[in-house]
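[1] sharing a model prediction with you, sequence too.
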Number of protein chains: 2
Amino acid sequence: MREALTAAATRRVTRPAPLRQAVYDALTELIVSGTLKPGQHLVEAELAEHLGVSRQPVREALQRLQTDGWVDLRPAQGAFVHSPTEEEAGQLLGVRAVLETYSAQLAAKNAKPEDVERLWELHQEGVDALAASDNERLVAANTALHTFITSVAANAVLAELIAGVGQKVRWYYTPIARPRGKEAWNEHAQLIRAIAKGDPDRAGEVMRKHTERTTGFYARQLASGANQA
Amino acid sequence: MREALTAAATRRVTRPAPLRQAVYDALTELIVSGTLKPGQHLVEAELAEHLGVSRQPVREALQRLQTDGWVDLRPAQGAFVHSPTEEEAGQLLGVRAVLETYSAQLAAKNAKPEDVERLWELHQEGVDALAASDNERLVAANTALHTFITSVAANAVLAELIAGVGQKVRWYYTPIARPRGKEAWNEHAQLIRAIAKGDPDRAGEVMRKHTERTTGFYARQLASGANQA
DNA sequence: ATACAGGCTTCTGTATACAGAACTCAATCC
DNA sequence: GGATTGAGTTCTGTATACAGAAGCCTGTAT
C-alpha cells in the first residue's frame, strides 16, 4: 500500500502555506504592478489591516523584500519601495547578459532532443503572439523561453540569480518599453539551433548579442519617451 | 554652522544597530566557522536564550539566512543549517567564474592609475603572505584583491551577487582545500597588467582561466582527500 | 515674523502570549 | 511480536502588548 500511495498521491493534501509567503507574493505583485509606487512609505500596520493579518507576517515579508531588493528598510523608519535608478537598471542589464550567456552555454551542453523540441514549441508560441500583436502573450512567451533554457542549463544557483535579476529588469522596463519584435524571435531561432547542435560557444555568443541588442533597444526607448509612464 | 557640520559629522552619533542584524552576523559566523553543522536543527528558543534576545529577532535573522541560502526553512519545522551538495558547489563555482570574468572586464574599462597602483599593493601583500606561508593572510589577500577588482568594476548589482556567491564558495571549500600557491599570484599579476592596459577582453580571459584553474584545483583536492574534514 | 523648544503623535523594534501542527513514545490490539 | 493508534510534548506560526525613537505640530520668546 505504501508504494501505491508513493506513486500516486505524492503531494500532501494541502500545504498550510505560511502567511508570510502569501504576504510576500501580494506585496511583490503590488510593487511590480505599480500600485505601490517607488519611494512610497509602507506602514506595517496599514498593510497588515489591508491584508487581514497581523503585523508579524508583514514584517517578515518586508525583510525578505529588502534582501531581494524590492524595498529599502531604513532603521527606525520602516520600509520604502525601492526607487531604481537608471544606473542600477543598466547594471542589472549587464549582469543579466552574462548570466543568460552562461545559461545558454550550459543549455547547449545539456540539451536533449526532447528539450529542443520543447524549445521550438515555445518559439512557435512567441511567433504566434507576435502575429496576433498580443503584447502580454509575447512577454509571457519570451519569459517562458528564457526560463526553459535556464532549466535546461541545470544550474539551480544560476537559475535563482537569473530569476531575481530578470524580475527586476521587467519591473523597471515594462512600464517604459514595448517588447522587441520580429528580429528578437529570429535571434531566438538562431539560439535554439545552436543549442540543438550542442555548440556552447555559438549559443553563448548568440545569447550575448541577443541580450546586448535588447539592452540597446531599451536604452533607445528610454532616451526617446522617457517620462511617458 | 550647518554647512560646517554637514562637512564633518555626517554620521549620526551611533546607529542603534537593529538586533536582527547582530543576530544575523552571529549566526552566519557560527555557520561559516562550523560550530553549527550542516543539517543541524536550529531551535529558535535555544538561539534566543543563548544570544540573550527574544525569539523575534532570531526569527527575522533566520528568514534572511534562508533567502541568502545559509539555512533551509521547512514549514512548521523550523530552520536547518543548509547542507551544500557537491553538485551545488560545482554550480557555485561556475556562476562565480562568469561573474568574476565580467567583473574583470568592467574593471579593465574603468580602472584609473591609482586603482592600478592599489591593485599592485594588494598583489604584493599576497606575495608576501605566500613567502611567509601564512595561509590565513593569503586567503585574506586573495579576497581583498578580488573584492577590490569588483569595486573598480563599479557595478553594485554585480558586487552583491559576487559577495554572496563568494562567501558560500569559501564556506564550502575552506575546510577541505588549501589556498592555491605561487601560480595563482602570477595569474593575478597578468590580470592586473591587463587591467592596467585597459584591455577588457584580455582581462576577462585571464580571469576566466584563473577561476577555471581554481575550480580544477578544488576538484582535485576534493577527489583526493574527500572526508578529511 | 521667524526661530527655537517642548510636548505629542506615530511608527518601528522587541518581548510576550496563545493556538495549531508535527514529532515522540507508550499502550493497545491483532 | 509487530504494527498502529492515541495522548502528550515540543516547536513553529501568528497575534497582541509594550517601550523607545523619530518626526510633527504648536506655543512662545526674540
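    Sure thing, it's come through. Source: prediction; values computed, not measured.
[2] give me the element residue A:80 is part of.
    If you go by DSSP states H and E, residue A:80 is part of strand A:78-81.
[3] could you do residue A:170 as well?
    Going by DSSP H and E, residue A:170 is in helix A:156-173.
[4] quick check: the closest residue to DNA strand C within chain A vs residue B:126, distance?
    Residue nearest to DNA strand C within chain A: residue A:78 (2.9 Å; Cβ to the nearest atom of the strand). C-beta: built from backbone N, CA, C; applies to glycine. Computed with Cβ to Cβ, to the nearest Å, the distance linking residue A:78 and residue B:126 is 43 Å.
[5] related to what we said a few turns ago, give me the mean pLDDT for the helix or strand that comes right after the helix holding residue A:170.
    Once the chain leaves helix A:156-173, the next helix or strand it forms, by DSSP H and E, is helix A:182-197. The average pLDDT within helix A:182-197 is 95.
[6] who are the packing partners of helix A:182-197?
    Applying 3 or more Cβ pairs under 8 Å, 6 or more residues apart in numbering or on different chains; DSSP states H and E, one finds that helix A:182-197 contacts helix A:86-110, helix A:113-131, helix A:135-153, helix A:200-224.
[7] CA atoms of that helix as PDB?
    Provided in PDB are the C-alpha atoms of helix A:182-197 (Å, rounded to 0.1, in the frame of the first residue of the first chain):
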ATOM      1  CA  LYS A 182      10.300  40.000 -35.100                       C
ATOM      2  CA  GLU A 183      14.100  40.200 -35.100                       C
ATOM      3  CA  ALA A 184      14.200  39.100 -31.400                       C
ATOM      4  CA  TRP A 185      12.500  35.900 -32.400                       C
ATOM      5  CA  ASN A 186      14.800  35.300 -35.300                       C
ATOM      6  CA  GLU A 187      17.600  35.600 -32.800                       C
ATOM      7  CA  HIS A 188      15.800  33.100 -30.600                       C
ATOM      8  CA  ALA A 189      15.600  30.700 -33.500                       C
ATOM      9  CA  GLN A 190      19.400  31.000 -34.100                       C
ATOM     10  CA  LEU A 191      19.900  30.400 -30.400                       C
ATOM     11  CA  ILE A 192      17.800  27.200 -30.400                       C
ATOM     12  CA  ARG A 193      19.700  25.900 -33.500                       C
ATOM     13  CA  ALA A 194      23.000  26.400 -31.700                       C
ATOM     14  CA  ILE A 195      21.600  24.600 -28.600                       C
ATOM     15  CA  ALA A 196      20.300  21.800 -30.800                       C
ATOM     16  CA  LYS A 197      23.800  21.400 -32.400                       C
END
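[8] how about the residues of chain A by DNA strand D?
    Contacts of chain A with DNA strand D, taken as Cβ under 7 Å from any atom of the strand, map to A:18, A:19, A:20, A:53, A:54, A:55, A:56, A:57, A:60, A:76, A:77.
[9] hmm, which of these are the buried ones?
    The neighbour count (16 or more other Cβ atoms under 10 Å in any protein chain shown) marks A:19, A:20, A:53, A:56, A:57, A:60 as buried among the residues of chain A next to DNA strand D.
[10] hmm, which two among the residues you listed are most spread apart?
    A:53 and A:60 (10.5 Å; Cβ to Cβ).
[11] which residues are common contacts for these two?
    Residues touching both residue A:53 and residue A:60 (Cβ atoms under 8 Å, 6 or more residues apart in numbering or on different chains): residue A:23.
[12] what does stretch A:28-42 rub up against?
    With Cβ under 8 Å, 6+ apart as the test, stretch A:28-42 has contacts from A:27, A:62, A:65, A:70-71, A:78-84, A:167, A:170-171, A:175.
[13] recalculate using a threshold of 6 Å.
    The contact list for stretch A:28-42, computed with Cβ atoms under 6 Å, 6 or more residues apart in numbering or on different chains, reads A:70, A:79, A:80, A:81, A:83, A:171.
[14] so where's chain A uncertain?
    Flagging of chain A using pLDDT under 70 yields the residue ranges A:1-16, A:225-229.
[15] per-domain residue ranges of it.
    When chain A is parsed with automatic domain parsing, its domains come out as A:19-81, A:86-224.
[16] which of those domains sits most buried?
    Per-stretch averages of neighbours, counted by mean count of other Cβ atoms under 10 Å in any protein chain shown, single out domain A:86-224 among the domains of chain A, with a mean of 18.
[17] span of it from start to end?
    Chord length of domain A:86-224, first to last residue, is 14 Å (Cα to Cα, to the nearest Å).
[18] convert the C-alpha atoms of stretch A:46-59 to PDB, please.
    Only the C-alpha atoms of stretch A:46-59 are listed here, as PDB (Å, rounded to 0.1, in the frame of the first residue of the first chain):
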ATOM      1  CA  GLU A  46      -1.700  49.600   7.300                       C
ATOM      2  CA  LEU A  47      -0.600  46.700   5.200                       C
ATOM      3  CA  ALA A  48      -1.500  44.300   8.000                       C
ATOM      4  CA  GLU A  49      -5.000  45.600   8.200                       C
ATOM      5  CA  HIS A  50      -5.400  45.800   4.500                       C
ATOM      6  CA  LEU A  51      -4.300  42.200   4.000                       C
ATOM      7  CA  GLY A  52      -6.200  41.000   7.100                       C
ATOM      8  CA  VAL A  53      -3.200  39.700   9.000                       C
ATOM      9  CA  SER A  54      -1.200  40.900  11.900                       C
ATOM     10  CA  ARG A  55       2.000  43.000  11.700                       C
ATOM     11  CA  GLN A  56       4.200  40.000  12.200                       C
ATOM     12  CA  PRO A  57       3.900  38.200   8.800                       C
ATOM     13  CA  VAL A  58       4.000  41.700   7.200                       C
ATOM     14  CA  ARG A  59       7.300  42.400   8.900                       C
END
